[in-house]
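**Student:** predicted model and sequence below, questions to follow.
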Amino acid sequence: MAKEPVLVLQMQRMGDLILSFPLFLWLKRAYPGRELHVVAEEAFFTPLMPLSPGVTYITWPAAEAGALSGTRYRLIVNLSIREEAARLAGSLEADIKVGPVRGGDGALRILGNWQLYRASLAGGGRHNRFHWADLNGLDVVSLKVPRLTFFDPPRQPAPDNGTVGLFVGASEPGKRPEPRFYAGLARALLERGLKPVLLGGPADVPLAQEAKRASGLPLADLTGQLSLAELTEFGRTLALMVTPDTGPMHLAAWTGLPTINLSVGHVNPWDTAPYQPGHLVVRSSASCAPGCWGCRQKSMLCLRGVDPAPVAALAALALSGQRTRLERLKLPGLDLYETARTEEGLFTLRRLGPQGAPGAAELAGEFWRRVFLWRLAGEPREPARQAWEALAAAWPKLAAKLRASLPELSRAVARLGREGAAAPNAASHAGLAPFWSLPASFLEMSGLNADAAPAWARQGLEFVEGLAVLTR
């Protein structure tokens with residue numbers, strides 16, 4: 001008798017589909033012998049099929065027309081935010097469902113604590129340290145599965161290959177540098193003996209043309225000329241790609257092309273940087289840059305802080321074969337990271353360059369990483385306590401203020417328990433210190449998801465009590 005299959009709904013953009021590839025690998029390991037069905041956008045999955053783990057892709061029109069009807073699933077994972085995906089997940093039979101599900105009663109629920117955690121990051125993810133590719137799977141596989149999954153490091157280019165792809169576009173203007181940045185970067189790369197090539201989709205052609213005009217040079221330009229399959233093949237000829245956070249960045253990383261991620265605008269590299277280890281990420285060192293979901297400054301400091309000259313120097317050094325020199329490289333106004341793995345096998349960013357004492361944000365991020373591994377994944381509590389002690393030892397006055405403000409979080413949870421949906425944003429907009437925004441947003445999301453039922457209120461207060469014990 002055939003085993004019930006597993007279903008994943010991923011009806012987002014190309015980058016989201018590529019970030020689901022690790023989940024496909026994990027599900028095939030965790031559910032051996034079962035077919036894995038994936039509902040996705042045909043325009044994205046068709047050119048990616050040669051690179052994708054072996055799954056059965058199904059188009060949304062086919063799914064909507066009933067292609068899945070009558071099939072009972074062992075597990076359904078909905079990674080989409082679209083209403084039709086939630087309705088589809090609710091209409092199908094399965095032993096386990098994870099993600100947004102519109103039930104027969106008409107209510108929309110987010111099933112799975114890690115999916116709730118991810119949904120709560122909008123506006124409250126400054127201290128998040130979990131990559132979206134990991135969050136795709138943490139509700140459905142144990143930590144030992146990613147711990148046993150290894151990815152090859154980025155390939156080493158041939159010594160005489162100095163061709164650098166410059167991807168000029170992104171899904172939104174605020175997520176990419178301006179064309180004049182690429183003009184300066186192209187000039188700086190040429191001065192270092194490297195060969196820049198402008199890349200992008202059809203919508204990016206005006207950006208590339210503006211960059212060429214600003215450079216005053218006859219730059220090689222393939223913007224709008226390559227299909228996704230052709231971009232994949234062309235990427236195999238490149239030594240390096242410099243790119244904002246966009247789908248082709250994830251495609252490059254998945255295929256082993258070394259990347260430098262220009263993390264600018266309202267993206268968080270902890271959420272969506274290149275997932276595989278060994279890629280480079282640069283981000284403005286402005287205090288407002290980490291975890292931004294919308295700029296509140298008069299101008300985007302994270303864009304102004306990224307200068308072409310140091311990025312060109314980084315590219316030349318990355319291609320020089322002297323990787324150890326990156327450990328000492330200082331980029332004015334920028335933070336430099338390498339994508340890596342934690343002891344649990346999860347994504348992390350390893351800071352490169354001169355190493356001073358960890359900053360408060362870095363220590364806070366590690367604390368919350370440990371807290372949620374303890375609360376949601378059943379990992380030991382002791383590492384979370386040690387992370388708090390490290391923060392308190394380095395920043396004692398800050399730690400004292402944070403302890404004093406914790407009761408506000410408890411009162412916000414109690415208020416949400418009393419008033420429910422009539423008190424929107426009760427937890428995350430109650431005058432709390434930014435340090436508490438991550439648990440506040442998670443507790444608010446989980447409370448509203450549970451209709452602020454008494455059982456949730458007890459669990460929420462117990463969560464806060466656990467924090468009080470950790471931080472005393």
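**Tutor:** Looks like it came in fine. Numbers count the residues shown, from 1 in each chain.
**Student:** count of residues packed around residue 434?
**Tutor:** Residues near residue 434, counting by other C-beta atoms under 10 Å, number 13. C-beta here means a position set from N, CA and C on the backbone, and glycine is covered the same way.
**Student:** check the one 10 residues further on too.
**Tutor:** Residue 444 has 25 neighbours, counted by other C-beta under 10 Å.
**Student:** name the helices or strands packed onto the helix or strand it falls within?
**Tutor:** Applying DSSP states H and E as the criterion places residue 444 in helix 437-449. In terms of contacts (3 or more C-beta pairs under 8 Å, 6 or more residues apart in numbering; DSSP states H and E), helix 437-449 is packed against strand 108-111, helix 113-119, helix 360-377, helix 396-419, helix 454-471.
**Student:** which residues touch the residue nearest to residue 445 when sequence neighbours are not counted?
**Tutor:** Distances taken as C-beta to C-beta, 6 or more residues apart in numbering place residue 120 nearest to residue 445, at 3.9 Å, with adjacent residues excluded. Applying C-beta atoms under 8 Å, 6 or more residues apart in numbering to residue 120 gives the contacts 438, 441, 442, 444, 445, 446.
**Student:** let me see the backbone angles for the residue lying closest to the second one once chain neighbours are set aside.
**Tutor:** Read that as residue 441. Excluding the flanking residues, the one nearest residue 441 by C-beta to C-beta, 6+ apart is residue 124, at 3.1 Å. The phi/psi pair for residue 124 (degrees, to the nearest 10) reads phi -130, psi 20.
**Student:** what about residue 124, distance to residue 213?
**Tutor:** 41 Å (C-beta to C-beta, to the nearest Å).
**Student:** those two: which has the busier surroundings?
**Tutor:** Legend: neighbour count by other C-beta under 10 Å for residue 124 and residue 213, higher for residue 124 (23 against 12).
**Student:** can you list contacts of stretch 331-344?
**Tutor:** 143, 146-147, 269, 273-286, 305-307, 310, 313-314, 326, 329, 347-353, 373, 379.
**Student:** which ones among these lie within strands?
**Tutor:** Among the contacts of stretch 331-344, the members found in strands (DSSP state E) are 280, 281, 282, 283, 284, 347, 348, 349, 350, 351.
**Student:** now do the contacts for the closest residue to the fourth one other than its chain neighbours.
**Tutor:** For residue 283, the nearest residue in space outside its immediate sequence neighbours is residue 263; the separation is 4.3 Å by C-beta to C-beta, 6+ apart. Applying C-beta under 8 Å, 6+ apart, we find residue 263 in contact with 244, 245, 269, 273, 281, 282, 283.
**Student:** and with 10 Å instead?
**Tutor:** By C-beta atoms under 10 Å, 6 or more residues apart in numbering, residue 263 lies in contact with 175, 244-245, 249, 269-273, 281-284, 289-290, 302, 306, 334-335, 337, 349.
**Student:** how does the protein divide up, domain by domain?
**Tutor:** 6-147, 163-351, 382-471 (automatic domain parsing).
**Student:** for residue 362, which of those is the nearest?
**Tutor:** domain 163-351 (7.7 Å; C-beta to C-beta).
**Student:** just the buried residues out of the contacts of stretch 331-344, in ChimeraX syntax.
**Tutor:** Selection of buried members from those for ChimeraX, criterion 16 or more other C-beta atoms under 10 Å:
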select :143,146,269,273,274,275,276,277,278,279,280,281,282,283,284,285,286,305,306,307,310,314,326,329,347,348,349,351,352,373,379
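**Student:** point out where this structure drops to low pLDDT.
**Tutor:** 1, 286-305, 420-431 (pLDDT under 70).
**Student:** so residue 57, which of the three states?
**Tutor:** Under DSSP: H, G, I helix; E, B strand; the rest coil, the three-state class of residue 57 is strand.
**Student:** now it. Nearest residue, chain neighbours left out?
**Tutor:** residue 45 (4.7 Å).
**Student:** need phi/psi at that neighbour.
**Tutor:** phi -80, psi -30.
**Student:** again with residue 79
**Tutor:** Here residue 79 shows phi and psi, under degrees, to the nearest 10, equal to phi -100, psi 10.
**Student:** show me the contacts for the nearest residue to it once chain neighbours are set aside.
**Tutor:** Spatial nearest neighbour of residue 79, chain neighbours left out: residue 10 (4.7 Å); criterion: C-beta to C-beta, 6+ apart. Counting by C-beta under 10 Å, 6+ apart, residue 10 makes contact with 16-21, 23-24, 38-41, 44-45, 57, 77-80, 85, 136.
**Student:** now, the residues you listed that are in helices?
**Tutor:** 16, 17, 18, 21, 23, 24, 44, 45, 85 (DSSP state H).
**Student:** mind putting those in CSV, neighbour count and distance to residue 385 included?
**Tutor:** Shown next, in CSV, are those (neighbours: other C-beta atoms under 10 Å; distance: C-beta to C-beta, whole Å):
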residue, neighbour count, distance to residue 385
16, 22, 35
17, 25, 39
18, 25, 37
21, 20, 35
23, 27, 31
24, 21, 36
44, 20, 44
45, 19, 44
85, 23, 39
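**Student:** tell me which of those is nearest to residue 472?
**Tutor:** residue 23 (38.0 Å).
**Student:** you'd agree that closest one is up against residue 31?
**Tutor:** No. With contacts defined as C-beta atoms under 10 Å, residue 23 does not count as touching residue 31, sitting 11.6 Å away.
**Student:** shared neighbours of the two, anything?
**Tutor:** 140, 141.
**Student:** name the nearest residue to residue 21, ignoring sequence neighbours.
**Tutor:** Residue 21 sits nearest to residue 53 (C-beta to C-beta, 6+ apart), 5.8 Å away.
**Student:** just residue 100 next, same as before
**Tutor:** residue 86 (4.2 Å).
**Student:** where's that neighbour relative to residue 103, distance?
**Tutor:** Counting by C-beta to C-beta, the gap from residue 86 to residue 103 is 9 Å.
**Student:** any shared contact partners between those two?
**Tutor:** With C-beta under 10 Å, 6+ apart, residue 86 and residue 103 have common neighbours residue 109.
**Student:** which one's more surrounded, the two?
**Tutor:** residue 86 (21 against 15).
**Student:** contacts only, for the more buried one.
**Tutor:** 9, 78, 80, 99, 100, 101, 102, 103, 108, 109, 110.
**Student:** and if we set it to 7 Å?
**Tutor:** Contact partners of residue 86, counting by C-beta atoms under 7 Å, 6 or more residues apart in numbering, are 78, 100, 101, 102, 108.
**Student:** how about residue 417?
**Tutor:** By C-beta under 7 Å, 6+ apart, the contact set of residue 417 is 452, 457, 460.
**Student:** do residue 143 as well
**Tutor:** Contacts of residue 143 by C-beta under 7 Å, 6+ apart are 344, 345, 377.
**Student:** run through who's touching the helix or strand harbouring residue 166.
**Tutor:** Per DSSP H and E, residue 166 falls inside strand 163-167. Identification of contacts with strand 163-167 by C-beta under 7 Å, 6+ apart yields 182, 185-186, 189, 194-200, 235, 237-244, 246, 248-249, 315.
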